[in-house]
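In: Give me coordinates for this.
(one chain, ligands or ions: 1)
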Amino acid sequence: MANEKEIILTGDRPTGSLHLGHYVGSLRKRVEMQNTGKYLPFIMIADLQALTDNAENPEKIRESILGITLDYLAAGLDPEKCNIFVQSHIPALYELPMYYSNLVTMSRLERNPTIKNEIKMRGFERSIPVGFMTYPISQAADITAFKAKYVPVGEDQLPMLEQAREIVSSFNRIYKCEILVEPQAVLPDNESCNRLVGIDGNAKMSKSLGNCIYLKDDEKTLKEKVMSMYTDPTHINVSDPGHTEGNPVFIYLDAFCTDEMIQEYAPDYKTLEEMKEHYRRGGLGDMKCKKLLNSVMQETLKPIRERRAQFEGDRQYLLDILKKGTERAVEISNKTVAEVRAAIGIDYFTDSTFLDKFVK
Ligand code: TRP
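Out: Model (predicted):
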């Protein structure tokens, strides 16, 4: 892993198993980028961030750590090509936010759309934990500690990236340096991937709504979930014209179905678009669409299942990967911290000119 590779950083909160929303939102992109050989990806299990709204149930986080590691390997992340680590064990990620927090105003944090939205979703209002309010600052530290240029995330994280870029530019300007790197988001391929709906048609796939398909779902569970999927409620008889827009079955097909898959599993059509037109015209039943979707999803999840089977018996191996990745992440981020301290001028014990410059 040569140093000149461009750095990627991204991560997930460990509050349960990873689902298809995670997969199309970011995981798939990470694996693609990893496999080009052009990047060095840092993949972070964001346990500190998970604590910002789970301080009272840390066991939920603890229980998710190895499961997420396994999800990562199953999805195709390769510890030989990327660095998987845990956030809570990286000293830089406690120190940098302290410096950055002096560069961000309270009103700027309050305007962060992601924070605003999450406050509403979690019903926090004024009783919001301070740690939660400031997590955009912590997230800027996650990214900049590794000098990451690319951050594969879903659209919902764009305000975090904006905030991180502002911090980078303030820091470099105020401390007259070019140490920190401005990150940019790498978004998923299309709209359907950006906001994968739940199988009940709810706007978001979320564990608490019970509408997720998990990467670890077996063949039978996956099929049951696909077959029970919400579709177009106005499409009652096969001959009725149907809506493809906002229809979960087609949203999933948009996110997962390739032209090759259409040719293999629905050879009556050349493209997904042709099939959608048929559905909109009338004469195409939901059952047929769901059968196609099931084939597409089984094909997508099959290699993921096979890799899971290969790794799941070896817990020690999973822990070793995390430990090694974390040690490496500590080493690299400590270098950034040393540069940051020097730029601010608080490097008293390591700057050899410090004594000379002392004026009595
Ligand atoms: N906020 C991200 C999420 O909820 C997780 C995360 C934490 C992250 N730190 C990050 C993502 C840094 C990208 C970069 O999924």
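In: shaky segments in the stretch 1-150 of the chain?
Out: By pLDDT under 70, the low-scoring segments of the stretch 1-150 of the chain are 1-3.
In: quick one, helices of it?
Out: Secondary structure of the stretch 1-150 of the chain (DSSP state H, counting those that start in this stretch): helices located at 20-22, 28-36, 47-51, 58-75, 92-100, 106-111, 113-121, 130-133, 135-144.
In: winner for burial among those?
Out: helix 135-144 (a mean of 26; mean count of other C-beta atoms under 10 Å). For every residue, glycine as well, the C-beta is placed using N, CA and C.
In: how big is the angle separating that one from helix 113-121?
Out: Helix 135-144 and helix 113-121 are oriented at 140 degrees to each other (axes from the mean of the first three to the mean of the last three C-alpha atoms, to 10 degrees).
In: For helix 135-144, name the packing helices and strands.
Out: Using 3 or more C-beta pairs under 8 Å, 6 or more residues apart in numbering; DSSP states H and E, the elements in contact with helix 135-144 are strand 6-12, helix 47-51, helix 92-100, helix 113-121, helix 158-174.
In: Which SSE is immediately downstream of that helix?
Out: strand 150-152 (DSSP states H and E).
In: That next one packs against which elements?
Out: Packing partners of strand 150-152 (3+ C-beta pairs under 8 Å, 6+ apart): strand 6-12, helix 28-36, strand 184-186.
In: packing partners for the next helix-or-strand element following the last one?
Out: Put plainly, it is strand 184-186. Using DSSP H and E, the helix or strand that follows strand 184-186 in sequence is helix 191-194. Packing partners of helix 191-194 (3+ C-beta pairs under 8 Å, 6+ apart): helix 248-256.
In: quick one: buried residues of the longest helix anywhere in the chain?
Out: Criterion DSSP state H: the longest helix present in the chain is helix 315-344. Counting neighbours by 16 or more other C-beta atoms under 10 Å, one finds that the buried residues in helix 315-344 are 318, 321-322, 325-326, 329-330, 332-333, 336-337, 340-341, 343.
In: just to revisit the earlier point, with distance to the ligand as new columns, can the helices and strands packed on helix 135-144 be given to me in CSV?
Out: Putting those into CSV (distance: least, C-beta to the nearest ligand atom, whole Å) gives the following:
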stretch, distance to the ligand
strand 6-12, 4
helix 47-51, 5
helix 92-100, 9
helix 113-121, 8
helix 158-174, 6
